[in-house]
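A.B. asks: Here is a sequence with its predicted model. Questions after.
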Amino acid sequence: MAQVELSSQLLVYHFMFGLDYKAGCPCCSSIADGFNGIVVHLANHDVTLWAVSRAPLAKLQAYKRRKGWSFPWASSFGSDFNFDFNVSFTEEQLRCHRQWETDPPGTLNLTHGFRWFLREGGADAEGGGADGIGGFEEARE
């Protein structure tokens, strides 16, 4: 992951763009379409926004240029970052915890969501979720 100068609060969007994806997830892309406009407002509240995806950085940068986005986007390629924050899953985890029994194996190995990190007075905190992002979660069900 890139070294970045952070505010006291970091908001990370786990953007579904897997290693073998040709393009970003359509739902994640729709959500990210609003990021360019919001980063300045977040910065005014001491919040830095970054997107993170598993695909290699060159693939993310090409897609970012194509979409006309300017928000920061990092690659977690080659690391356990996504697994550490439970937004990527192994085949074994999928077999044990499959949400939609009709999904073929290997198709649901990523999920999206926000995770926030707070640094204040020498203490750190973090949390996250994806409930109701842009109404997409409700629309999928």
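C.D. replies: Structure's in. What do you need? Just so it is clear, the structure is predicted and the values come from calculations on it, not from any experiment.

A.B. asks: any idea how far residue 80 is from residue 15?
C.D. replies: Separation of residue 80 from residue 15 (Cβ to Cβ, to the nearest Å) stands at 17 Å. Placement of C-beta: from N, CA and C, glycine included.

A.B. asks: Neighbour count for the two, which is higher?
C.D. replies: Legend: neighbour count by other Cβ atoms under 10 Å for residue 80 and residue 15, higher for residue 15 (27 against 9).

A.B. asks: So the more buried one versus residue 65, what's the distance?
C.D. replies: Separation of residue 15 from residue 65 (Cβ to Cβ): 15 Å.

A.B. asks: Repeat that for residue 22.
C.D. replies: For residue 22, the distance to residue 65 - Cβ to Cβ - is 15 Å.

A.B. asks: Which one's more surrounded, those two?
C.D. replies: Taking neighbours as other Cβ under 10 Å, residue 22 and residue 65 compare with residue 65 leading, 10 against 7.

A.B. asks: Using the three-state scheme, assign the more buried one.
C.D. replies: helix (DSSP: H, G, I helix; E, B strand; the rest coil).

A.B. asks: State the distance from it to residue 59.
C.D. replies: Taking Cβ to Cβ, one finds residue 65 at 11 Å from residue 59.

A.B. asks: Ok, residue 40 next?
C.D. replies: Using Cβ to Cβ, one obtains 27 Å as the distance from residue 40 to residue 59.

A.B. asks: Helices along the protein, start to end?
C.D. replies: Secondary structure of the chain, counting by DSSP state H: helices at 26-32, 35-43, 57-67, 81-84, 91-96, 136-140.

A.B. asks: Flag whichever of those has the least confidence on average.
C.D. replies: In terms of average pLDDT, helix 136-140 trails the rest of these, at a mean of 39.

A.B. asks: okay, now residue 26: neighbour count?
C.D. replies: 10.

A.B. asks: By mean pLDDT, flag the weakest helix or strand of the protein.
C.D. replies: helix 136-140 (a mean of 39; mean pLDDT, DSSP states H and E).

A.B. asks: Before I go, just wanted to say thanks for your time.
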